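Asker: What follows is a predicted structure for the sequence shown.
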Amino acid sequence: MAALVTPTSLVRAKRARAKSAVPHKGRGPKDWQAQMRASVRSSAELAAALVLTPEELEGARRAEREGLPIAITPYYLSLCDRHDPSCPVRMQCVPVAAEGKAVPGDLEDPLGEVAHEVAPHLVQRYPDRVLLLVTDRCAVYCRFCTRSRMVGDGGGPVPDAALEPALRYIAEHPEVRDVIVSGGDPLAMATARLERLLARIRAIPSVDTIRLATRIPVTLPMRVTKELVSALKKHHPIWVMTHFNHPKELTPESVRACERLADAGFPVMNQSVLLAGINDDVDVLERLFRGLVRARVRPYYLLQADPVRGTGHLRTPLDRGIGLMGALQGRLTSIALPKFICDTPGGKGKVPLTPDWVVARRPGETVLRTFRGEDVTYVDPPAGGRG
Ligand code: SF4
């Protein structure tokens, strides 16, 4: 029977938690496949692990019937506060009733990936790069997922034969230099299968870089084993695009996974999504970006949350992100400062957004505003140059 919560029981539970430094029984199994098997996948399992609010319980029951399913590894669950529904890790993986609510601007496929499919499982939105969707499975189903229309559908990894047309397309289009392998999460696949795929992509002479888009260093860091990195590094250059959203996710285990990748020669980049009530705060972002740099992960993008159906409660107005970037400018070294990006609805492409640092343009000079708020004039060189 699921646990229901009243305001009084919440307060009592919070007091009890304050006395107990370790609300969970450790991080769960050390083996990544055992973690996947032991994942929480139902409302009853979730209610046994966390003290759910009525909104969470309703959301979890809805997720069993429709929409994005529930999957939370024991590791990621151990980062959730058992009693506090505003815990930034819990908010990313525990469904809430608001997922059933549509808000203006919501789309099922906000990046128009279906419309931009050039071969089965292959999306092309820019001339020089493609997105290869190799599985629908992830270690944790994130409640803000842009691909909630297809992840967790139960199909599992795409069979090798079904990827042939996509590989043929890449080989026949030498303008494609960069292949982003995504899903779902490609690291949720068996190593041999993933390696076979990477070898096929690497054998295409026109491909410069392969990117692995994965949240597994965050949600299942024990997957990043020595065996995995030794198998994958044979197909370098491979860039790892990971997805930390909150400093609480930077645990000794996840940092070790990132360092293991960096040690094996994988450049590791991070794409955070700006999420209301989770990381839309200047101090939280500063701690996150500094922590990533310490783990040798480059904060690459801060993404405006895509208008995915059922995620209106997690989205922020565009101005919020622009304001946060303004506050971080000058406060953070440039290597820790990502670009703030809006991936435009309909798959029309990414647009970088910055505060208005240019305050006036006059013939031959431009007035710039510094991070301290001072206006400084930059004078252009005389027309005609050296002549
Ligand atoms: S890991 Fe990525 S693809 Fe999977 S649910 Fe999370 S955001 Fe979506």
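Answerer: Noted; the coordinates are in hand. Residues are numbered from 1 along each chain as shown.
Asker: burial count for residue 145?
Answerer: Applying the criterion other CB atoms under 10 Å, we find 22 residues in the vicinity of residue 145. To be clear about C-beta, it is placed using only N, CA and C from the backbone, and glycine gets the same treatment.
Asker: ok, so what distance separates it from residue 337?
Answerer: Distance of residue 145 to residue 337, given as CB to CB, to the nearest Å: 26 Å.
Asker: State the three-state secondary structure for residue 360.
Answerer: strand (DSSP: H, G, I helix; E, B strand; the rest coil).
Asker: residues near it, how many?
Answerer: 11.
Asker: Quickly find the element holding the nearest residue to it once chain neighbours are set aside.
Answerer: Nearest non-adjacent residue to residue 360, counting by CB to CB, 6 or more residues apart in numbering: residue 367, 3.9 Å away. Assigned by DSSP states H and E, residue 367 belongs to strand 365-369.
Asker: in its sheet, what does the next helix or strand after that strand sit against?
Answerer: Scanning forward in sequence from strand 365-369 by DSSP H and E, the next helix or strand is strand 375-379. Here strand 375-379 is paired, per DSSP bridges, with strand 365-369 (antiparallel).
Asker: starting at the chain centroid, how far to the strand it pairs with?
Answerer: 36 Å (CA atoms, centre = their mean, to the nearest Å).
Asker: how about that strand: buried residues?
Answerer: residue 369 (16 or more other CB atoms under 10 Å).
Asker: pLDDT of that strand, averaged?
Answerer: Mean pLDDT, computed over strand 365-369, is 97.
Asker: Adjust the sequence numbering to begin at 339 for everything that follows.
Answerer: Sure thing, new numbering starts at 339, so read that last one as strand 703-707.
Asker: how much does it deviate in direction from strand 696-700?
Answerer: 170 degrees (axes from the mean of the first three to the mean of the last three CA atoms, to 10 degrees).
Asker: you'd agree the residue nearest to residue 698 is up against residue 713?
Answerer: Yes - between residue 705 and residue 713 there is a contact under CB atoms under 8 Å: 5.3 Å.
Asker: Please name the residues that touch the most centrally placed residue in the chain.
Answerer: In the chain, the residue lying closest to the centroid (CA atoms, centre = their mean) is residue 581, at 3.5 Å. Residue 581 makes contacts with 551-553, 556, 608-611, as judged by CB atoms under 8 Å, 6 or more residues apart in numbering.
Asker: could I get the residues you listed as a markdown table with distance to the ligand and pLDDT?
Answerer: Formatted as a markdown table, the contacts of residue 581 follow (distance: CB to the nearest ligand atom, whole Å; pLDDT from 0 to 100):
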| residue | distance to the ligand | pLDDT |
| --- | --- | --- |
| 551 | 7 | 98 |
| 552 | 7 | 98 |
| 553 | 4 | 98 |
| 556 | 8 | 98 |
| 608 | 13 | 98 |
| 609 | 10 | 98 |
| 610 | 11 | 98 |
| 611 | 8 | 98 |
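Asker: In strands only, show me these.
Answerer: Of the positions in those, 551, 608-611 sit in strands, assigned by DSSP state E.
Asker: So which of these is surrounded by the most neighbours?
Answerer: These, ranked by neighbours (other CB under 10 Å): first place residue 608, 25 neighbours.
Asker: which ones are touching that residue?
Answerer: Per CB under 8 Å, 6+ apart, neighbours of residue 608: 579-582, 630, 635-639, 676.
Asker: shared neighbours, residue 705 and residue 713?
Answerer: Common neighbours of residue 705 and residue 713 (CB under 8 Å, 6+ apart) are residue 697.
Asker: re earlier: list buried residues within the contacts of residue 608.
Answerer: Buried among the contacts of residue 608 by 16+ other CB under 10 Å: 579-582, 630, 635, 637-639, 676.
Asker: Just the residues contacting the helix or strand harbouring residue 628, thanks.
Answerer: Taking DSSP H and E as the criterion, residue 628 maps to helix 620-632. Helix 620-632 is contacted from outside by 426, 582-585, 588, 593, 608, 610, 617, 636-637, 640, 662, 665-666, 669-671, 673-676, using CB under 8 Å, 6+ apart.
Asker: just how off-centre is the helix or strand just after that helix within its chain?
Answerer: As assigned by DSSP H and E, the chain's next helix or strand after helix 620-632 is strand 636-642. Here strand 636-642 is found 9 Å from its chain centre; the criterion is CA atoms, centre = their mean.
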